[in-house]
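J.: Would you be able to build a 3D model of this:
(one chain, ligands or ions: 1)
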Amino acid sequence: MYGLVNKAIQDMVCSRFGEQTWKEIKHKAEVDVDVFLSMEGYPDDITHRLVKAASTILGLSSAEIMQAFGEFWVEYTAQEGYGEMMDMSGDTLPEFLENLDNLHARVGVSFPKLQPPSFECTDVEENSLNLHYRSSREGLSPMILGLVKGLGAKFDTKVDITQTQSRDEHNEHDEFLIIYKPN
Ligand SMILES: O=C(O)CCCCN(CCc1ccccc1OCc1ccc(-c2ccc(Oc3ccccc3)cc2)cc1)Cc1ccc(C(=O)O)cc1
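T.: Coordinates of the predicted model:
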């Protein structure tokens, strides 16, 4: 994962729980990276260890941490200079989700170490769609719940998301039913 992801986790923890808590989480995760460089590639294991340590220290489940991170990521990347790129990816929640692979392709042109997941929308109706999420990474589906909730806030749209298929139950990929209604 690019350091931008670990930097976002750090900023989420520091802004909500303070520097000291972040230091404790890094210590517990046995991560002795002083400063995460956004454009540096880091082993995914570091991100998983940070989430696991945050879960223990904060008394929240890893799924709750990843869901909160997903929501935080949408706002964080917008203020970290990717706002324009995000705005070009769609004016509504369904449009943005349909364009997510193109967004990743654009980022990947400049940052070849990007290993983005792939998102596919099917059964797109007026107020609902099925989101198919395929990734080389394991265990991040709770982050998708948060990312979609973050997009609901970005597009001022009421969103209800339910995971309908999971790789944990021997399905080939994760699938989510998303029901949305612009406010
Ligand atoms: O891998 C998985 O199975 C789950 C990954 C969940 C995180 N993705 C979230 C995608 C997303 C979903 C909904 C709404 C918005 C989303 O992201 C928008 C986005 C995507 C990528 C970036 C991005 C930009 C620069 C990056 O790297 C940098 C950063 C600074 C300087 C140079 C390179 C890395 C990611 C920014 C916004 C973004 C992403 C972040 C990092 C990577 C990667 O390092 O491979 C791949 C994807």
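
J.: Please name the nearest non-neighbouring residue to the residue positioned nearest the centre of the chain.
T.: Nearest residue to the geometric centre of the chain (C-alpha atoms, centre = their mean): Gly70, 3.7 Å. Among residues not flanking Gly70 along the chain, Gly146 sits closest, at 2.3 Å (C-beta to C-beta, 6 or more residues apart in numbering). C-beta here means a position set from N, CA and C on the backbone, and glycine is covered the same way.

J.: next one: Leu131
T.: Phe176 (4.5 Å).

J.: Tell me the bridge partners for that neighbour.
T.: Beta-bridge pairing of Phe176 under DSSP bridges involves Leu131, Gln163.

J.: Distance check, it against Asp32.
T.: Distance, Phe176 to Asp32, using C-beta to C-beta, to the nearest Å: 36 Å.

J.: More neighbours: which of those two?
T.: Phe176 (21 against 7; other C-beta atoms under 10 Å).

J.: What ranges does this structure have for its strands?
T.: 118-122, 128-134, 157-165, 174-182 (DSSP state E).

J.: which non-adjacent residue is nearest Phe72?
T.: With C-beta to C-beta, 6+ apart, the residue lying closest to Phe72 is Met12, at 4.5 Å.

J.: Got the confidence number for that neighbour?
T.: Model confidence at Met12, given as pLDDT, is 98.
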